[in-house]
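A.B. asks: Below are the sequence and a predicted model for it; my questions follow.
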Amino acid sequence: MGQSATLYRIGQQDFQQILNNPDSVDVLTANKQYEVFEKTFAGLQFILSKKYGEHDRELIDQIFYPKEFIGEQIDYANLDYENIPEEFDPLKEPVYFNNPDIVAKIYLLINKISDSEFEKLFNPDELNSHNVYPGTVWNKQIGAEYAFHAVSMMGEFSKLKALFKNATLNNDFLLSYVG
């Protein structure tokens, strides 16, 4: 088992309910569409970041790590473990999201990258030398018995583009869960 990133497309009305009471809405039933990027999200982020300058790279980083959130962030580094309040729930995490304006900006960036350009940006040796999660698994071998290669990553990129396109066209929010 490894880390994955899941992006959920949420409509305006459902997002408003989440905003009013984050515990009241089941994201699994409220979402219009979702995509799971199983062990590939860091690779996608790394590949897409190669194309853009610093300002645009900040938007690329927000694909999986949005800046906005609902709820409270838990500062585990400064948590007083000896005096934890009874109501403290260590499993309760903030809901990170990209609003429709940020979604549209990100879509404009990733939509500029063609499949052939993405394939050229994919360099397994570079991903491995930078130890991009999940480690030195990136390869040039293509086939059903292999993963983390250009063809599989192009499939992941297509899923990402389609999700952002649909969210942009419908003025939806994208919620992000990485873990």
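C.D. replies: Looks like it arrived, so ask away.

A.B. asks: For Val132, the count of nearby residues, please.
C.D. replies: Residues within reach of Val132, counting by other CB atoms under 10 Å, total 20. C-beta here means a position set from N, CA and C on the backbone, and glycine is covered the same way.

A.B. asks: I'd say it and Trp138 touch.
C.D. replies: Yes - taking CB atoms under 8 Å as the definition, Val132 is a contact partner of Trp138 at 7.1 Å.

A.B. asks: per-residue confidence at Gln17?
C.D. replies: Turning to Gln17, the model gives it a pLDDT of 88.

A.B. asks: which SS state does it fall under?
C.D. replies: helix (DSSP: H, G, I helix; E, B strand; the rest coil).

A.B. asks: mind checking which helix or strand Glu72 is in?
C.D. replies: Counting by DSSP states H and E, there is no helix or strand that carries Glu72.

A.B. asks: Setting aside sequence neighbours, what's the nearest residue to it?
C.D. replies: Nearest residue to Glu72 in three dimensions, chain neighbours excluded: Pro94, at 6.2 Å (CB to CB, 6 or more residues apart in numbering).

A.B. asks: can you give me the helices for this protein?
C.D. replies: Taking DSSP state H as the criterion, the chain carries its helices at 12-20, 27-30, 41-49, 54-61, 100-111, 115-121, 124-129, 150-170.

A.B. asks: closest to Phe69 out of those?
C.D. replies: helix 12-20 (10.9 Å; CB to CB).

A.B. asks: Could you list the low-pLDDT ranges of this protein?
C.D. replies: The model of the chain has pLDDT under 70 over residues 1, 25, 73-81, 84-92.

A.B. asks: do that again at 50, thanks
C.D. replies: Applying pLDDT under 50 to the chain picks out residues 91.

A.B. asks: re the thing from before, out of the helices of the chain, which is closest to Ser176?
C.D. replies: Among those, helix 41-49 comes nearest to Ser176, with 9.4 Å by CB to CB.

A.B. asks: ok, and what's touching that closest one?
C.D. replies: The contact list for helix 41-49, computed with CB atoms under 8 Å, 6 or more residues apart in numbering, reads 3-5, 37, 57, 60-61, 63-64, 109-110, 113, 118, 121-122, 127, 130, 132-134, 138, 148, 153, 156-157, 160, 178.
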